[in-house]
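Chemist: A predicted structure for the sequence below; I have some questions about it.
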Amino acid sequence: MIRLEGVAKSFAAGQRLFEAVAPTSLHIGQGEVFGIIGFSGAGKSTLLRLINLLERPTAGEVWVGQQRLDLLDAAALRQARRRIGMIFQQFNLLHNRSALDNVCFPLRIAGLKEAAIAARARQCLDIVGLADKAEQYPAQLSGGQKQRVAIARALATEPKVLLCDEPTSALDPHTTRELLAVLRDINRRLGVTIVIVSHSLSVVRALCDRVAVMEGGRVVEELPLRQAQLPEPRSDAARRLFEAA
Ligand SMILES: Nc1ncnc2c1ncn2[C@@H]1O[C@H](COP(=O)(O)OP(=O)(O)O)[C@@H](O)[C@H]1O
Ligand SMILES: [Mg+2]
């Protein structure tokens with residue numbers, strides 16, 4: 001479903017280049033829930049943003065489905081991105097729009113008819129359990145509810161992939177568990193492939209089939225998470241993350 005082949009990202013830092021992500025290859029299967037874990041600054045967000053070309057790779061290939069995204073022109077990329085939803089730690093909702101209007105937004109951009117837009121947006125709010133909050137504004141919603149509106153918005157264009165950058169890091173433990181249940185449900189019921197970045201082992205353990213451990217811009221280890229027993233980490237970074245949990 002998702003194939004990164006030797007992708008790398010360098011940023012200009014004065015006269016030099018800073019390598020935020022070193023050449024990395026990752027394969028994520030259709031319907032898989034894949035975690036990316038690491039301490040702050042490890043390169044997790046940059047790697048995630050390479051998947052939908054929010055960051056343009058300085059090397060390598062980005063494949064989603066049958067498409068090589070890094071070769072698409074702007075119009076084709078916009079089209080391809082409708083199949084890749086994304087949510088963020090700080091929700092990134094439009095504050096002066098109702099929950100329903102936030103979910104309508106990507107559908108208007110996609111050029112759907114107004115009647116179809118409203119119907120689809122309500123359906124998406126229903127999927128995340130917020131049908132009764134459609135007319136509320138973000139300020140009237142709790143953190144967990146705001147993130148669910150963001151998920152509904154991300155699902156509006158029927159993506160095959162959902163990218164999640166620290167989606168629970170602004171939420172309390174109870175709300176975190178609720179939100180993870182929503183994501184699990186979306187994966188199981190809709191078959192959406194999920195890639196989730198977190199610094200928390202308990203979050204990726206609760207949700208993911210596999211996890212990539214990042215440190216210093218590199219994936220230092222990939223671990224399966226479906227068995228009851230946590231696998232023995234080989235990398236120093238994974239050991240420290242496991243201890244911190
Ligand atoms: N747009 C940017 N310009 C310059 N440096 C960046 C940019 N984005 C990220 N970086 C740097 O790349 C490294 C990895 O960042 P990031 O991917 O955000 O890490 P993480 O999400 O794991 O905390 C950090 O050192 C960060 O400062
Ligand atoms: Mg980050």
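Modeler: That came in fine, so what should we check first? Ligands and ions are numbered 1, 2, ... in the order given.

Chemist: hmm, E222 is touching V213, no?
Modeler: Yes. Using CB atoms under 8 Å, E222 is in contact with V213, at 7.4 Å. (Each C-beta comes from the backbone N, C-alpha and C, glycine too.)

Chemist: how many neighbours does the residue lying closest to V220 once chain neighbours are set aside have?
Modeler: Computed as CB to CB, 6 or more residues apart in numbering, the closest residue to V220 that is not its neighbour in sequence is S235, at 4.2 Å. Close neighbours of S235, defined as other CB atoms under 10 Å, add up to 16.

Chemist: I'd like to know how far the closest residue in space to N92 that isn't next to it in sequence sits from L77.
Modeler: Nearest residue to N92 in three dimensions, chain neighbours excluded: A150, at 6.7 Å (CB to CB, 6+ apart). As judged by CB to CB, to the nearest Å, A150 and L77 stand 22 Å apart.

Chemist: the two: who's more crowded?
Modeler: Set A150 next to L77 and count neighbours by other CB under 10 Å: A150 wins out with 25 against 16.

Chemist: element containing that one?
Modeler: Here A150 is covered by helix 143-155, with elements defined by DSSP states H and E.

Chemist: which SSE is immediately downstream of that helix?
Modeler: Following helix 143-155 in sequence order, the next helix or strand is strand 161-165 (DSSP H and E).

Chemist: buried residues in the longest helix seen in the chain, which are they?
Modeler: When the chain is parsed with DSSP state H, its longest helix is helix 173-190. Applying a neighbour-count criterion of 16 or more other CB atoms under 10 Å, one finds 175-176, 178-180, 182-183, 186-187 buried in helix 173-190.

Chemist: for this structure, which residues are neighbours of ligand 1?
Modeler: Applying CB under 6 Å from any ligand atom, one finds that the chain approaches ligand 1 through 11, 18, 20, 38, 40-46.

Chemist: could you list which of the residues you listed belong to helices?
Modeler: Using DSSP H, the residues of the chain next to ligand 1 in helices are 44-46.

Chemist: so where do the strands sit in this protein?
Modeler: 2-13, 16-28, 33-37, 59-64, 67-68, 84-88, 161-165, 193-198, 210-215, 218-224 (DSSP state E).

Chemist: tell me which of those sits nearest to C104.
Modeler: Taking CB to CB, strand 84-88 is the member of the strands of the chain nearest to C104, at 14.8 Å.

Chemist: how about residues contacting that closest one?
Modeler: For strand 84-88, contacts defined as CB atoms under 8 Å, 6 or more residues apart in numbering pick out 51-52, 54, 64, 147, 150-151, 153-157, 159-167, 192.

Chemist: re the thing from before, then the longest helix of the chain to PDB, C-alphas only?
Modeler: Taking C-alpha atoms only, helix 173-190 is exported to PDB below (Å, rounded to 0.1, in the frame of the first residue of the first chain):
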ATOM      1  CA  PRO A 173      -5.400   9.100  29.200                       C
ATOM      2  CA  HIS A 174      -9.100   8.400  29.200                       C
ATOM      3  CA  THR A 175      -9.800  10.400  26.100                       C
ATOM      4  CA  THR A 176      -6.700   8.900  24.500                       C
ATOM      5  CA  ARG A 177      -8.200   5.400  24.900                       C
ATOM      6  CA  GLU A 178     -11.500   6.600  23.400                       C
ATOM      7  CA  LEU A 179      -9.700   8.100  20.400                       C
ATOM      8  CA  LEU A 180      -7.600   5.000  19.900                       C
ATOM      9  CA  ALA A 181     -10.900   3.000  19.800                       C
ATOM     10  CA  VAL A 182     -12.200   5.300  17.100                       C
ATOM     11  CA  LEU A 183      -9.100   4.800  15.000                       C
ATOM     12  CA  ARG A 184      -9.200   1.000  15.500                       C
ATOM     13  CA  ASP A 185     -12.800   1.000  14.400                       C
ATOM     14  CA  ILE A 186     -12.000   3.000  11.300                       C
ATOM     15  CA  ASN A 187      -9.200   0.500  10.400                       C
ATOM     16  CA  ARG A 188     -11.500  -2.500  11.000                       C
ATOM     17  CA  ARG A 189     -14.700  -1.300   9.500                       C
ATOM     18  CA  LEU A 190     -13.500   0.900   6.600                       C
END
